[in-house]
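Student: Next come a sequence and a model predicted from it.
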Amino acid sequence: MFTYSKLFSQMKSNTKEDHPDVKMGIFFVDAQSKQNCVIEKAWMEKEAHYEELKIGPSYELIVPLDNNLRQANPLVFVDTPQDQRCDFSMVVMAKKPFENQVSYHDVEVLLPQMQTMLEQLGGMFASWFTPAVEGVTLEFAPETEGMITLSNGQSIEIVNHKVQVTLAQMGKEGGMQLPAPALRVLPYLPSAKK
């Protein structure tokens, strides 16, 4: 349980025009497996008012952005499985998932937008410390196995239903073929690991 106003300040970044293809997504992640928790039900309530919230693909919590709700500041409730410890998680992600054939341009257009959003969320000095977004992390359904195939013939294995791809790996005229739709397209920050 948490208050709507706590989400509002982060979610309002989704309305900025300098990143039309990316957004902030809200998820709950299993503390041990790091997989998205199933959201069984989510709702807001304030006194006699009750509104059920939508749950999107990959169990994303869809919260409406509304100044009236911010002022009313209802409580937000999320039911996840009782036998899991699910931690709140906000991620920068593409608004549209990737599937089938993905071009260099499809990825290239997202990277500066993801960088901008990460820096905005990080605050005034974040641009000095935020690692460069060099590619994307693609997350597939848990049962997805196999490889993504780059147009240069290189294959990259999907491990734990995820794969990271940089623009450099794709090559300027290149692309990639996905074996299944990517449910989430997240920034890949390889220098953040160092």
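Tutor: Thanks, I have it. Numbering: from 1, shown residues only.
Student: Enumerate every residue touching K41.
Tutor: 52, 78-79 (C-beta atoms under 8 Å, 6 or more residues apart in numbering). The way it works is simple: take the backbone N, C-alpha and C, and place the C-beta from them, glycine included.
Student: most neighbours, which of those?
Tutor: Most neighbours among the contacts of K41, by other C-beta atoms under 10 Å: V78, with 19 neighbours.
Student: who's in contact with the lengthiest helix in the chain?
Tutor: If you go by DSSP state H, the chain has its longest helix at helix 110-122. Identification of contacts with helix 110-122 by C-beta under 8 Å, 6+ apart yields 10, 13, 16, 18-22, 24, 92, 94, 126-127, 129-130, 132-136, 167, 185, 187.
Student: The same query, at a cut-off of 7 Å, please.
Tutor: 10, 13, 18-19, 21-22, 92, 94, 126-127, 130, 132-133, 136, 167, 187 (C-beta atoms under 7 Å, 6 or more residues apart in numbering).
Student: Closest one to P179 out of the residues you listed, please.
Tutor: Distance ranking of the contacts of helix 110-122 against P179, using C-beta to C-beta, places V136 first at 15.9 Å.
Student: I'd say the closest one and V109 touch.
Tutor: No. Contact criterion C-beta atoms under 7 Å: V136 and V109 do not qualify, at 11.1 Å.
Student: And the two? Which one has more around it.
Tutor: The neighbour count for V136 versus V109, taken as other C-beta under 10 Å, is higher for V136 (28 against 14).
Student: returning to what we had before: return a PyMOL selection command for the buried portion of the contacts of helix 110-122.
Tutor: The buried subset of those, as determined by 16 or more other C-beta atoms under 10 Å, is captured in PyMOL by this line:
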select buried, resi 13+19+22+92+94+130+133+136+167+187
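Student: Pick out whichever of the contacts of helix 110-122 sits closest to L69.
Tutor: Distances from L69 to the contacts of helix 110-122, taken by C-beta to C-beta, are shortest for Q10, at 14.2 Å.
Student: What residues does the closest one make contact with?
Tutor: 24, 90, 121.
Student: Let me have these in TSV, extended by pLDDT, distance to W43 and neighbour count.
Tutor: TSV is the format used below for these (pLDDT from 0 to 100; distance: C-beta to C-beta, whole Å; neighbours: other C-beta atoms under 10 Å):
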residue	pLDDT	distance to W43	neighbour count
M24	93	20	19
M90	92	19	15
L121	79	26	15
